[in-house]
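Peer 1: Fold the following and give me the result.
(2 chains)
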Amino acid sequence: MYGYLLKRVLMLFPLFIGITLITFVVIHLAPGEPVEMQTALNPKASAKTRQRMREFYGLDKPLHIQYVNWLGRLVKLDFGRSFAPDGRPVIKKISERIPVTLSINFIALVLEFGLAIPIGILAATHRNSIIDKGITLLVFLGFAVPTFWLSLLMMYLFGVKLGWLPISGLHSLGAAKMSTLAWLIDSAKHLILPLGVATFGSLAGLSRYTRSTMIEVIGQDFITTARAKGLSERVVIYRHALRNALLPIITILGFSLPGLIGGSVIFETIFAIPGMGQLFYMGVMSRDYPLVMGILVIGAFLTLIGNLFADLAYAVADPRIRHAKT
Amino acid sequence: MNSLSNHYIYDIAKRFISNRFALAGGVIVTLLFVLSFMAPYITPYSPDDLDAYHVLLPPSNGHWLGTDELGRDVLTRIIYGARVSLKVGFVAVGIATFIGTTAGLVAGYFGRWVDQFLMRTVDIMLCFPTFFLILAVIAMLEPSIWYIMIVIGLTGWMGVARLVRAEVLSLRERDFILAARALGASDTRIIFRHILPNALSPVLVAATLGVAGAILTESALSFLGIGVQPPVPSWGNMLTAGKDYLEFAWWLSLFPGLAILVTVIAYNLVGEGLRDAIDPRITRS
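Peer 2: The predicted structure follows:
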């Protein structure tokens, strides 16, 4: 177990280098430089000014030197300054957005797991019944529906036609002056649509997965034994089968953790939510290299850590792995 | 050998056709192919025909799905949009499948540091939120359908690589491979002649589901304005244009979305149908 842990932690270093390398290469594939974006619209910018700006951003050095310099600063958590006119440090910009995205995605994740697992169990225990078929249909819709389209339709239906829900942002104007209760209700109203659409889209995969895992577990000998002992179906399903089916589901949870920070470009753009996805989209559109690189590296690194924790949780939950000699 | 493999394929086809959902998916996919190839002959309008006198018309006899803000026929544009989806779906998945299969074969067969290197590359690639990576590359380069296909392909091969590697690892130790090696077959011959054909069926399933995913990604990119550029019609950019008229021209926002939905469902049904047909244990146990 400890040997395994040590190996996994040591492996983080080469993987981290790989992440930074890919990020760097991807960003520098692009023709044209941010300097040109900033000077193209300004006829007064002479060749000299451009040169000064390139030096200022360190773009005049060879690529490998740029990479090493950047890596050196990364280790100190210095992601540089944004190319945007405000020129604020990237890490500040990101840390402002994280709480928004994190809290929204956390609620979405809780909803997703809270709904998908019971749905999957229901489908597995009522296999090939109307319930199962209905759920399967819903799952297929969830897989296939383009979330941006569903968002548009919901905004139209609930926001424009019925006028029940606000369609953009996180708060109404003047939310700051509201009482706590009114503020909470206001926020909740703003969140219903994005959360609803996000949950519907993500339910599909997990409920389907829970269903197939449960069916597999239910087919095993120890379940037959449990039934043969005369245990009630409730105990058999929820005590014996579910516990074993939960193992692979934990892995999925681990994979979802990094998504908490990632945020969704599409949702945040459509619903005008000031989170990470929106920040990334804006950064990409204005070729804000330091910002884009910062978000990519942070996002990928958190995924790496998330996977590590998922594997550890898996090892802790499964005695076969916990006691294995590696 | 030959008659046996024919029998095998015949069995799979029989199981696939007897599955109503898979069959329905197959029919829709075929229909989409026919529509895309025959587009100029089927549609009475051209996708770029502007008609200032018939702007934003609701669905009617002349225009089954209405007209858009420039008077173009929506049905015609949806049919031409199917071309974009098919192209992106197949080319992107083709790239992903090729890279993934090659990496998986090489990693699984040669093992050791080759395997280590390739699988750690897979791990690294899987760390990036795929859509972020695609968005970054496409926006940094110029938006073009070719870049989209290549980037979706380059970011989508990891699953296939893992799948193929796992197949190869289990196949490598089988008796018939040992027999081939004992007979003096070269690595290349063993890989292409004996291992690859046996590892292909899960790849086929993954590729079919991958087409659905690629179509969704393309439509999302086009919706964000960095995918297929107007005036070339794609379902995603039709939705972007339509959303500004949502209040008084719902048909602009409804039909292209439905086209995406139906297409993606169809590919998913075919993919799942194939999986069940290839491995009947899952459905019958």
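Peer 1: So which bits of the stretch 101-250 of chain B are right by chain A?
Peer 2: B:120-121, B:123-129, B:131-133, B:135-137, B:139-141, B:212, B:216, B:219-220, B:223-224, B:236, B:239, B:243, B:246-247, B:250 (CB under 8 Å from any CB of the partner chain). Every C-beta, even on glycine, is put in place using the N, C-alpha and C of the backbone.
Peer 1: what separates the residue of the stretch 1-150 of chain B found nearest chain A from residue A:187, distance-wise?
Peer 2: Using CB to the nearest CB, the point where the stretch 1-150 of chain B gets nearest to chain A is residue B:140, with a distance of 3.4 Å. Computed with CB to CB, to the nearest Å, the distance linking residue B:140 and residue A:187 is 35 Å.
Peer 1: More neighbours: those two, which one.
Peer 2: residue B:140 (19 against 15; other CB atoms under 10 Å in any protein chain shown).
Peer 1: How about the contacts made by residue B:21?
Peer 2: In this structure, residue B:21 makes contact with B:269, B:272-273, judged by CB atoms under 8 Å, 6 or more residues apart in numbering or on different chains.
Peer 1: Show the pLDDT at it.
Peer 2: On the pLDDT scale, residue B:21 is placed at 82.
Peer 1: and it, what helix or strand is that in?
Peer 2: helix B:20-42 (DSSP states H and E).
Peer 1: Which residues belonging to that helix are considered buried?
Peer 2: Within helix B:20-42, the residues scored as buried using 16 or more other CB atoms under 10 Å in any protein chain shown are B:21-22, B:25-26, B:28-29, B:32, B:35-36, B:39.
Peer 1: Just want the angle from the following helix or strand past it to helix B:20-42.
Peer 2: Using DSSP H and E, the next helix or strand after helix B:20-42 towards the C-terminus is helix B:74-110. Compare the direction of helix B:74-110 with that of helix B:20-42 by axes from the mean of the first three to the mean of the last three CA atoms, to 10 degrees and you get 130 degrees.
Peer 1: helices or strands next to helix B:74-110 in the packing?
Peer 2: With contacts defined as 3 or more CB pairs under 8 Å, 6 or more residues apart in numbering or on different chains; DSSP states H and E, helix B:74-110 has these neighbours: helix B:20-42, helix B:112-127, helix B:145-154, helix B:158-172, helix B:196-223, helix B:235-243, helix B:250-278.
Peer 1: nearest to residue A:124, of the buried residues of helix B:20-42?
Peer 2: residue B:21 (18.7 Å; CB to CB).
Peer 1: Could you list the low-pLDDT ranges of the stretch 201-326 of chain A?
Peer 2: Applying pLDDT under 70 to the stretch 201-326 of chain A picks out residues A:255, A:257-259, A:261-263, A:318-326.
Peer 1: swap the cut-off to 80 and go again
Peer 2: Scanning the stretch 201-326 of chain A for pLDDT under 80 picks out A:233-234, A:239-240, A:244, A:247-263, A:306-307, A:309-326.
Peer 1: What residues does it have near chain B?
Peer 2: Among all residues of the stretch 201-326 of chain A, those adjacent to chain B (criterion: CB under 8 Å from any CB) are A:219, A:258-259, A:262, A:265-266, A:269, A:280-281, A:284-285, A:287, A:292, A:295-296, A:299-301, A:303-304, A:307.
Peer 1: what's the burial count for the nearest residue to residue B:93 once chain neighbours are set aside?
Peer 2: Distances taken as CB to CB, 6 or more residues apart in numbering or on different chains place residue B:210 nearest to residue B:93, at 4.3 Å, with adjacent residues excluded. A count of nearby residues for residue B:210, using other CB under 10 Å, gives 27.
Peer 1: what's the helix or strand harbouring residue A:192 packed up against?
Peer 2: When secondary structure is defined using DSSP H and E, the element that contains residue A:192 is helix A:180-218. In this structure, helix A:180-218 packs against helix A:90-125, helix A:130-144, helix A:147-154, helix A:242-262, helix A:265-270, with contacts taken as 3+ CB pairs under 8 Å, 6+ apart.
Peer 1: and residue A:81, what are its phi and psi?
Peer 2: For residue A:81, the backbone dihedrals (degrees, to the nearest 10) come out as phi -100, psi 150.
Peer 1: Bridged to it, which residues?
Peer 2: Listed by DSSP bridges, the beta-bridge partners for residue A:81 are residue A:89.
Peer 1: per-residue confidence at it?
Peer 2: Residue A:81 is assigned a pLDDT of 79 by the prediction.
Peer 1: Enumerate every residue touching it.
Peer 2: Under the criterion of CB under 8 Å, 6+ apart, the contact partners of residue A:81 comprise A:87-90, A:290.
Peer 1: list the contacts for the residue nearest to residue B:93?
Peer 2: With the criterion set at CB under 8 Å, 6+ apart, residue B:210 makes contact with B:92-93, B:96-97, B:156, B:160.
Peer 1: if we go to 7 Å?
Peer 2: The neighbourhood of residue B:210, defined by CB atoms under 7 Å, 6 or more residues apart in numbering or on different chains, consists of B:93, B:96, B:156.
Peer 1: So residue B:15, which state does it fall into?
Peer 2: Judged by DSSP: H, G, I helix; E, B strand; the rest coil, the three-state class of residue B:15 is helix.
Peer 1: Quick check: closest non-adjacent residue to it.
Peer 2: Counting by CB to CB, 6+ apart, residue B:277 is the residue found nearest to residue B:15 once chain neighbours are left out, at 4.0 Å.
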